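Undergrad: Output the structure for:
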Amino acid sequence: MPIFTGTSQEFKRYVGPRLRNFVQMITKKHKAAVGACEHCGCGGQLESAHVKGRDRNQIIDLLLSAISTESVLTVELKQFEKNFKLEHDPVEKAILILCRECHMKYDTAIHSAPSSTVDFAPVAEHSGAVPVIESPDSILPITLEPSQSAEFKRQLLACRHAQITTFHNDGRVEHHPWDASRFSDTSNVMGNLRSRPEFRQGAWRQSGIVKVHVRIVARDG
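TA: Prediction:
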């Protein structure tokens with residue numbers, strides 16, 4: 001079994017690039033699967049962003065600290081790589097898919113202010129504008145099927161019914177119907193979803209929710 005011996009900084013220098021390649025591989029696949037910004041729902045140029053507190057080096061530090069607190073570490077590389085991959089399963093634990101504008105605001109919020117002083121404001125239901133991102137801690141990943149927000153809205157207005165699937169950090173998956181009979185042409189899809197009590201800031205984390213997927217379901221008859 002391959003063994004690494006050295007400091008944490010040396011580990012990041014020599015092993016980090018291999019771990020970076022793994023992150024790039026899974027984010028590429030995840031970006032294609034999501035197909036839209038997980039905050040505002042737009043389908044423009046999409047980028048991957050690490051969830052605050054869970055970027056590659058922070059995950060490495062977390063795993064190394066569990067091995068030893070000494071300055072010089074001895075690391076079994078195969079086991080470390082396995083644990084590193086587990087920290088990205090599900091990928092929503094560490095990665096967000098955002099449009100360029102939301103990504104820039106998200107990064108600015110991370111580097112400019114403590115999370116306790118700012119919020120990631122939900123989209124107002126009747127607003128068509130891209131929301132102002134104020135807190136990197138409060139983004140609940142929500143994906144749509146169809147992935148383009150405009151097409152999802154068109155189909156929702158036509159059939160008035162969708163299914164909301166909620167994924168939890170303990171592995172539970174829950175399905176709930178969405179009766180959209182009161183949804184109107186001026187309503188905002190993401191705003192409507194994020195305004196639900198269970199998906200509001202703080203509530204979804206307390207419930208252990210890691211991701212929400214919403215798909216159009218045509219009623220029989």
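Undergrad: Please make it C-alpha for all contacts and neighbour counts, starting now.
TA: Will do.
Undergrad: Report pLDDT for the residue lying closest to Pro197 once chain neighbours are set aside.
TA: In space, and not counting its chain neighbours, Pro197 is closest to Ala203: 7.2 Å by CA to CA, 6 or more residues apart in numbering. On the pLDDT scale, Ala203 is placed at 87.
Undergrad: Please apply the same query to Thr69.
TA: Reported pLDDT at Thr69 in the predicted model: 83.
Undergrad: and the most centrally placed residue in the chain, what is it in contact with?
TA: Nearest to the geometric centre of the chain sits Leu96, at 3.5 Å (CA atoms, centre = their mean). Contacts for Leu96 (CA atoms under 8 Å, 6 or more residues apart in numbering) come out as Glu38, Ser48, Ala49, His50, Val51, Pro141.
Undergrad: Wait, the fifth one touches Ile97, no?
TA: The reference is to Val51. No. Counting by CA atoms under 8 Å, Val51 does not reach Ile97; the two are 9.9 Å apart.
Undergrad: The residue nearest to Pro197 - how many residues pack around it?
TA: Using other CA atoms under 10 Å, Ala203 has 14 other residues around it.
Undergrad: do the one 5 residues further on as well
TA: Counted with other CA under 10 Å, residues neighbouring Gly208 total 15.
Undergrad: again, but for Thr166
TA: 20.
Undergrad: which residues touch it?
TA: Val173, Glu174, His175, Ile209, Val210, Lys211, Val212, His213.
Undergrad: Phi, psi for the spatially closest residue to Gln45 that is not a sequence neighbour please.
TA: Closest residue to Gln45 apart from its sequence neighbours, by CA to CA, 6+ apart: Cys99 at 5.7 Å. Per-residue torsions, Cys99: phi -70, psi 170 (degrees, to the nearest 10).
Undergrad: rewinding a little: partner residues bridging the residue nearest to the centre of the chain?
TA: Taking DSSP bridges as the rule, Leu96 bridges to Ala49.
Undergrad: pLDDT at it, what is it?
TA: Here the pLDDT value assigned to Leu96 is 84.
Undergrad: ok, it to Ser71 distance?
TA: Here the distance between Leu96 and Ser71 works out to 33 Å (CA to CA, to the nearest Å).
Undergrad: where in the protein is pLDDT low?
TA: Low-confidence segments of the chain (pLDDT under 70): 110-138, 220-221.
Undergrad: Return the distance of the longest helix belonging to it from the chain's centre.
TA: Ranked by residue count under DSSP state H, the longest helix found in the chain is helix 16-34. Mean-position distance between helix 16-34 and its chain equals 14 Å (CA atoms, centre = their mean, to the nearest Å).
Undergrad: and that helix, what other elements does it pack with?
TA: Helix 16-34 sits against strand 46-50, helix 56-67, strand 95-99, with contacts defined as 3 or more CA pairs under 8 Å, 6 or more residues apart in numbering; DSSP states H and E.
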